[in-house]
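> I'd like to go over a predicted model; first the sequence, then the structure.
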Amino acid sequence: MIAESEAVMASWRMTGPVIATLLLPILVMIWVGLPLSGSWVEWGLRILLCLCFAVAWSMIWPTVYLGYIWQGLVYAGLAAAVFIAYRRMQLCPPTALQIGNIVLLLACIAGLSRCIVKTAMGYIAPPNCLSLMFPFRDGTYNAFNAAGSLFTNLHRVPNQKYGIDFIGINRLGMQAANPFSNRSSEYAIFGATLLSPCDGIILRAHDGEEDLSAGEIPQVNTAGNFILIRHGQYKILLGHLKKGSVRVAVGEQVAAGQAIAQIGNSGMSTMPHLHMSVATGGAPNEPYDGIGAAFVFDGRFLVRNSLVRTAG
C-alpha cells in the first residue's frame, strides 16, 4: 500500500507542474476574454492584468516543462484574450457584478505586482560575488532554482540561499521530449559531463547512490552522489550526480574545467539536474553547513530561466 501511494506521488510530482503550466495561463485567458458588459476602466484593468501576468510568468514560472513554443502561445493567447474582450464589450451602467469584477481585477493586479517586485529585488546580485567557471561544456542549460528571491529559489537552508539547480534543455527549451516522462535517461542533462567550476581541493566525494526515476524521492541522502570542493574560503557543493561517475577522491587537487563526474538523479531530486551551491564558514566537510554565498559565471548572476549556451 505504501509503495502504491509513493508511486502515485511520484507520478504527480511530474504531471502536476506540467498540468499547472498548461491550465494556469488558460484560466487567465478565459477570464480576460469573457464578454465584457461594463466600462473602459474594466477593459483597461484586464489589459493591465495580462501585462502583469506575462511579466510574472516570465520571471517566476519555470519554462522547462513545455518549452519555448508554449511560452510564445501564452503571450499570444493573452493578447488575443484582450482583443476578444474588446470586440465583445457592451458599455452599460455599473452593476454589482461589474464592480465585483473590478475589485477582483485590482486584487489580482496588486498581488502579481507584489510578486514581481519581490522577485526583481532578488535578481540584484549582491556585492563581492565569487567568480566561477560554468560547469558544462556542451549544450544549453536553464537555471531552474536561482537568485535570492523566495519566489524563484526554493532552497530554504541558509547555506543554500544562492544555490542553483541547472536543467539541461533540448532545442524546444524542454527538459525532456516527453514532459510526463519518469525515465531519467530521457532528460537532456542526464549523463552530461560535469566540469570543476574552479581550482580547488576535494573535501568530500560520495558515490554509489542509485539514480532514481523522475519524481521518486528517497527519505534520506539529500545530495545523493556529490562532490564538495574547497576553493579558498569557499566550499562548493555539486550534487545529484550519476552513480559510478565520480572521478575524484578526497584530498585530490582539481583544476577549473577538469571533468569530475556526470549528472544523474540521485538523492532528493524530482528530476535529473545539477545542484550547485557555495558557502563559507561552518564545518569544513559538511555540505549543508555555513552561510550561503552568491556566485557568477563570467560576471553573470543567473536568475530563474536564465539560459547558458555552451560549445565544446
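Sure thing, it's come through.

> Domain parsing of the chain, as residue ranges.
What automatic domain parsing lists as the domains of the chain is 2-122, 130-310.

> from the middle of its chain, how far away would the first one be?
Just to be clear, that refers to domain 2-122. Relative to its parent chain, domain 2-122 has a centroid offset of 19 Å by C-alpha atoms, centre = their mean, to the nearest Å.

> So for it, mean pLDDT?
Regarding domain 2-122, the rounded mean pLDDT is 88.

> And for stretch 172-189?
Rounded mean pLDDT across stretch 172-189 is 94.

> Can you tell me the centre-most residue of the protein?
Phe144 (2.1 Å; C-alpha atoms, centre = their mean).

> wait, is it part of a helix?
No - using DSSP: H, G, I helix; E, B strand; the rest coil, the assignment for Phe144 is strand, not a helix.

> which residues does Ile229 contact?
196-198, 200-203, 235-236, 238, 254 (C-beta atoms under 8 Å, 6 or more residues apart in numbering). To be clear about C-beta, it is placed using only N, CA and C from the backbone, and glycine gets the same treatment.

> Restricted to buried residues, select those in PyMOL.
Buried residues within those, by 16 or more other C-beta atoms under 10 Å, are selected in PyMOL with:
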select buried, resi 196+197+198+200+202+203+235+236+238+254
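
> which residues of the stretch 201-312 of the chain score low on pLDDT?
For the stretch 201-312 of the chain, the stretches with pLDDT under 70 are 219, 312.

> so which of the domains of the chain is the most packed in?
Looking across those with neighbours counted as mean count of other C-beta atoms under 10 Å, the highest average goes to domain 130-310: a mean of 19.

> quick one, strands of the stretch 201-312 of the chain?
225-231, 234-241, 253-254, 259-262, 274-280, 291-293, 295-297, 307-310 (DSSP state E, counting those that start in this stretch).

> Turn those into CSV, columns for distance to Leu34.
Formatted as CSV, the strands of the stretch 201-312 of the chain follow (distance: least, C-beta to C-beta, whole Å):
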stretch, distance to Leu34
strand 225-231, 50
strand 234-241, 44
strand 253-254, 59
strand 259-262, 50
strand 274-280, 43
strand 291-293, 45
strand 295-297, 45
strand 307-310, 35
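
> Relative to Ala80, which of the ones you listed is closest?
strand 307-310 (26.6 Å; C-beta to C-beta).

> Could you list every helix and strand in contact with that closest one?
The contact analysis (3 or more C-beta pairs under 8 Å, 6 or more residues apart in numbering; DSSP states H and E) places strand 307-310 against strand 139-145.

> after whichever strand or helix holds Val55, next one along is what?
Using DSSP states H and E, Val55 sits in helix 40-60. Later in the chain than helix 40-60, the nearest helix or strand by DSSP H and E is helix 67-87.

> okay, the angle between that next one and strand 139-145?
Here helix 67-87 points in a direction 60 degrees away from that of strand 139-145 (axes from the mean of the first three to the mean of the last three C-alpha atoms, to 10 degrees).

> what angle do helix 67-87 and helix 40-60 make?
Using the same axes, to 10 degrees: helix 67-87 against helix 40-60 is 170 degrees.

> Now do helix 67-87: everything it contacts.
The set of residues external to helix 67-87 that reach it, using C-beta under 8 Å, 6+ apart, is 21-22, 25-26, 28-30, 32-36, 43, 46-47, 50, 53-54, 57-58, 63, 169-170, 172-174.

> packing partners for the helix or strand following it?
Counting by DSSP H and E, the next helix or strand C-terminal to helix 67-87 is strand 90-91. Using 3+ C-beta pairs under 8 Å, 6+ apart as the contact test, no helix or strand touches strand 90-91.

> Pro135 is in contact with Cys198, isn't it?
No - taking contacts as C-beta atoms under 8 Å, Pro135 lies outside contact range of Cys198: 9.5 Å.

> Looking at the strands of the stretch 201-312 of the chain, which is nearest to Ile102?
So among these, strand 307-310 is nearest, using C-beta to C-beta, at 38.3 Å.

> Relative to the closest one, what are the paired strands and their orientations?
strand 139-145 (antiparallel) (DSSP bridges).

> Sheet partners, orientation included, of the very next helix or strand once past the partner strand?
Following strand 139-145 in sequence order, the next helix or strand is strand 164-169 (DSSP H and E). Sheet partners assigned to strand 164-169 using DSSP bridges are listed as strand 139-145 (antiparallel), strand 274-280 (antiparallel).

> Quick check: Pro17 vs Trp61, distance?
9 Å (C-beta to C-beta, to the nearest Å).

> Hmm, I typed the wrong one, I wanted Ala192.
From Ala192 over to Trp61 (counting by C-beta to C-beta), the distance is 24 Å.

> before we move on, what about Asp138?
Per C-beta to C-beta, Asp138 is found 27 Å from Trp61.

> which residues sit in contact with Val103?
By C-beta under 8 Å, 6+ apart, Val103 has no neighbours at all.

> Give me the nearest residue to Val28, chain neighbours excluded.
Nearest residue to Val28 in three dimensions, chain neighbours excluded: Phe53, at 5.5 Å (C-beta to C-beta, 6 or more residues apart in numbering).
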